[in-house]
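Undergrad: Dropping a prediction and its sequence here:
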Amino acid sequence: MILTTAISQLFGGLITSVEIFILTLLFSIPLGFLVAGGRMSRIKPLSALMKVYISIMRGTPLMLQLIVIFFAPYYIFGLNLSSDYRFFAVIIAFSINYAAYFAEIFRGGIEAIPKGQYEAAQVLGYNKLETFFIVILPQVVKIILPAVTNEVITLVKDTSLSFVIAIPEMFTVAKQIAAADASITALLVAGIFYYVFNAVVAFVMARFEKKLSYYD
């Protein structure tokens, strides 16, 4: 009975965690490509700016970034935002944080491609855009997939950090249930949910990596 109740109560928190996970990937991956492009740019001010951005995002705790993003509009601009902004603040903070990590992964993958690949594509008559999307990008994806998988799995667990600005994701709900019932059942169930979630992510990414094995 206690287990059934815990699972039903945790379901709402699980939905919130999944929403944070999906939206973060949806925004951080494209942003990561843009940041990686800026980081590799020959325009020195842009490259330097991206280096500073990456350094700050990777060098400060995500929890601190959540707090800053949430409270900055009030303390800097004097804006009184609705409670709905809490969720938007989480997505913004997670997206800009993970974009920095993805950017370095993408940059490493792109720079790992031998220059001969670009030269061969030119010989075949590809322009720069075609070279990147037809020749370079598939190889980059193959190279970076293990690192991206690690970041995605970390993101699943990091969704629990949104508790810091009172977002009722799964771990927060589990702690509330555990405190109310004086039982760790809800926490154990939450742990199982996280494990299964990560197992599914790892399985999907492994299947994707296998599909790219033709580059070996």
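TA: Here it is on my side, so go on. Since this is a predicted model, take the numbers as computed values, not measurements.
Undergrad: what residues are up against the closest residue to E209 other than its chain neighbours?
TA: Distance criterion CB to CB, 6 or more residues apart in numbering; nearest residue to E209, sequence neighbours excluded, is L145 at 4.9 Å. Yep, even glycine has a C-beta here, placed from its N, CA and C like the rest. By CB atoms under 8 Å, 6 or more residues apart in numbering, the residues touching L145 are M205, F208, E209, L212.
Undergrad: ranking the residues you listed by neighbours, who comes first?
TA: Highest neighbour count within these: M205, with 17 neighbours (other CB atoms under 10 Å).
Undergrad: List the residues that contact that one.
TA: L145, V148, T149, V152.
Undergrad: likewise A147?
TA: With CB under 8 Å, 6+ apart, A147 has these contacts: I105, G108.
Undergrad: so how far is F87 from it?
TA: Remark: distance between A147 and F87 (CB to CB, to the nearest Å) = 28 Å.
Undergrad: do the same with Y118
TA: From Y118 to F87 the distance is 43 Å (CB to CB).
Undergrad: before we move on, what about S41?
TA: 33 Å.
Undergrad: Compare those two (neighbour count), which wins?
TA: Under the criterion of other CB under 10 Å, the comparison of S41 against F87 puts F87 first, with 17 against 14.
Undergrad: count of residues packed around I92?
TA: I92, neighbours per other CB under 10 Å, totals 17.
Undergrad: Centre of the chain to the helix or strand where R107 lies, how far?
TA: Using DSSP states H and E, R107 maps to helix 85-111. Between the centre of helix 85-111 and the centre of its chain there are 6 Å (CA atoms, centre = their mean, to the nearest Å).
Undergrad: What are the buried residues along it?
TA: The neighbour-count check on helix 85-111 (16 or more other CB atoms under 10 Å) flags 85-87, 89-107, 109-110 as buried.
Undergrad: averaged over its residues, what pLDDT does that helix have?
TA: Taken as a whole, helix 85-111 has a mean pLDDT of 94.
Undergrad: For that helix, name the packing helices and strands.
TA: helix 2-39, helix 44-59, helix 62-77, helix 137-158 (3 or more CB pairs under 8 Å, 6 or more residues apart in numbering; DSSP states H and E).
Undergrad: could the contacts of L145 go into CSV alongside secondary structure, pLDDT and distance to M63?
TA: Formatted as CSV, those follow (DSSP: H, G, I helix; E, B strand; the rest coil; pLDDT from 0 to 100; distance: CB to CB, whole Å):
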residue, secondary structure, pLDDT, distance to M63
M205, helix, 86, 26
F208, helix, 81, 30
E209, helix, 78, 31
L212, coil, 71, 35
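Undergrad: What angle do helix 2-39 and the helix or strand encompassing L187 make with each other?
TA: Assessed by DSSP H and E, L187 sits inside helix 185-211. Orientation of helix 185-211 against helix 2-39 (axes from the mean of the first three to the mean of the last three CA atoms, to 10 degrees) gives an angle of 40 degrees.
Undergrad: Could you tell me the angle between helix 185-211 and helix 137-158?
TA: Using the same axes, to 10 degrees: helix 185-211 against helix 137-158 is 180 degrees.
Undergrad: Which positions in helix 185-211 come out as buried?
TA: Result for helix 185-211 [16+ other CB under 10 Å]: buried residues T185, A186, L187, V189, A190, F193, Y194, F197, N198, V201, M205.
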